[in-house]
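Asker: no sequence for this one, just the structure:
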Ligand SMILES: C[S@@+](CC[C@H](N)C(=O)[O-])C[C@H]1O[C@@H](n2cnc3c(N)ncnc32)[C@H](O)[C@@H]1O
C-alpha cells in the first residue's frame with residue numbers, strides 16, 4: 001500500500017482488489033474526511049446548494065420524475081420537460097439562475113478541492129499547466145493555483161460562464177464547447193461538484209506531467225458523450241506525456257447500510273432529473289479504462 005496522506009483528518013486504507021491497470025500499479029486510498037464532515041452543519045448555512053435545490057426551476061423536474069423512470073424511451077430530461085431547455089441552455093438565458101448554480105458548485109468545490117490537495121498531493125507532481133474542463137467560475141483552479149503556484153491555470157467553460165468577471169488575475173479564462181475543442185495544456189481536470197464520496201481518476205500517460213483536469217463533469221453525460229469529451233482532452237494534452245484527472249462521485253455496490261450510500265443514489269436521481277442521460281457510476285463502471293491511477297476520498 002502506498003500512503004498518499006495521513007493526518008488526524010485523513011485515514012488511509014489499502015488498495016481495492018481486482019482493479020488492474022496497464023503499466024501502472026493502481027493506488028487506492030480511502031481518506032476519512034472527519035474535519036469537513038464535522039464542520040458540515042456550520043458550513044451548510046453558507047452553502048448555496050439548498051438555495052438552488054429549493055428554486056421552483058430546480059424543483060419542477062421532480063414532479064415529472066416518475067414519468068422519466070417509468071416510461072422507457074423517454075429521452076427528454078424532467079428538467080427540459082419542465083423548463084423547456086436543458087440546464088446549460090437555460091442558464092445561458094437566465095443569468096441569475098446561472099449565478100446561483102455556479103455559486104452552489106463553488107461551495108461544494110471549496111469543500112472538496114482542499115481534501116484533494118491534502119489527500120492526493122502527488123497527483124499534481126510536475127504539473128506546469130492545467131486546464132479545468134467545465135471549471136465553472138474558476139473556484140477549483142484558484143485553490144489549486146494557490147496550493148501549487150507553479151501551475152499555470154486555464155479555466156475552460158461555456159462562454160456565458162466564463163463571461164462573468166474572473167476571480168483571480170492569474171487564471172486564464174477560455175470560453176468554448178468541450179465537445180468541439182479544449183485548450184491545450186499540460187493537464188486537464190474534470191470535476192462536477194458534488195458531495196462525498198467522490199473519486200479522483202488520474203488517467204496516466206506519464207506519471208510526472210499532468211495535463212488535463214475534469215472535475216464533476218462526466219456524470220452529466222452518458223458513456224458515449226463521456227468518450228467524446230475524453231477524446232477531446234486527449235487531443236488537448238501533449239502526445240508523449242500528460243494526463244487527465246477526473247473527479248467524480250462513485251456509487252458503492254453491495255454496501256447495505258453504508259450511511260453515505262444514499263448520497264450517491266440521491267445524486268444519481270438528481271442526474272436523472274436534471275440532465276438528459278447523466279448518471280453516477282460504480283467503481284466497476286469507472287474501471288473499464290485500462291491505465292488508471294486512482295484515489296477515492298470518502299467519508
Ligand atoms: C456541474 S458543473 C461543474 C463545475 C466545476 N467543475 C465544479 O466542480 O464546481 C458542470 C460544468 O460543465 C460546464 N459545461 C457544460 N457543458 C459544457 C460544454 N459543452 N463545454 C464546456 N463546459 C460545459 C457547465 O457550464 C458547468 O460549469
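Answerer: Now that the structure is in, tell me what you want to look at. Here the structure is a predicted model, which is why all the values come from computation and not from measurement.
Asker: which residues of the stretch 51-200 of the chain fall in strands?
Answerer: Taking DSSP state E, counting those that start in this stretch, the strands of the stretch 51-200 of the chain run over residues 129-133, 152-157, 171-175, 187-191, 198-204.
Asker: just those strands: most buried one?
Answerer: Stretch with highest mean neighbour count among the strands of the stretch 51-200 of the chain: strand 187-191 (a mean of 32; mean count of other Cβ atoms under 10 Å). Using the backbone N, CA and C atoms, a C-beta is placed for each residue, glycine as well.
Asker: now the strands of the stretch 51-200 of the chain as TSV including distance to residue 68 and mean pLDDT?
Answerer: Formatted as TSV, these follow (distance: least, Cβ to Cβ, whole Å; pLDDT from 0 to 100):
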stretch	distance to residue 68	mean pLDDT
strand 129-133	27	91
strand 152-157	27	94
strand 171-175	31	94
strand 187-191	25	77
strand 198-204	25	45
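Asker: of all the ones you listed, which one comes closest to the ligand?
Answerer: Closest of the strands of the stretch 51-200 of the chain to the ligand is strand 187-191, at 3.8 Å (criterion: Cβ to the nearest ligand atom).
Asker: now do the closest one and strand 152-157, the angle between them.
Answerer: With axes from the mean of the first three to the mean of the last three Cα atoms, to 10 degrees defining the directions, strand 187-191 sits at 40 degrees from strand 152-157.
Asker: mind listing the strands strand 187-191 pairs with, and their directions?
Answerer: Strand pairing for strand 187-191, using DSSP bridges, gives strand 129-133 (parallel), strand 212-215 (parallel), strand 243-251 (parallel).
Asker: list the helices and strands the longest helix along the chain packs on?
Answerer: Longest helix in the chain, counting residues (DSSP state H): helix 95-119. Contacts defined by 3 or more Cβ pairs under 8 Å, 6 or more residues apart in numbering; DSSP states H and E place helix 95-119 against helix 49-53, helix 87-93, helix 139-147, helix 159-162, strand 292-297.
Asker: most packed of those?
Answerer: strand 292-297 (a mean of 24).
Asker: any idea which helix or strand carries residue 228?
Answerer: helix 223-236 (DSSP states H and E).
Asker: so residue 269 versus the ligand, what's the distance?
Answerer: According to Cβ to the nearest ligand atom, to the nearest Å, residue 269 stands 16 Å off from the ligand.
Asker: what is the neighbour count of the residue nearest to that residue when sequence neighbours are not counted?
Answerer: Closest residue to residue 269 apart from its sequence neighbours, by Cβ to Cβ, 6 or more residues apart in numbering: residue 65 at 7.5 Å. Other residues within reach of residue 65, judged by other Cβ atoms under 10 Å, total 14.
Asker: same thing with residue 150?
Answerer: Neighbour tally, residue 150, other Cβ under 10 Å: 10.
Asker: could I get the phi/psi values of the residue of the stretch 1-150 of the chain found nearest the ligand?
Answerer: Nearest residue of the stretch 1-150 of the chain to the ligand: residue 134, at 2.9 Å (Cβ to the nearest ligand atom). When read as degrees, to the nearest 10, the backbone of residue 134 gives phi 70, psi 40.
Asker: doesn't residue 156 make contact with it?
Answerer: Yes - with contact defined as Cβ atoms under 8 Å, residue 134 reaches residue 156; the gap is 7.3 Å.
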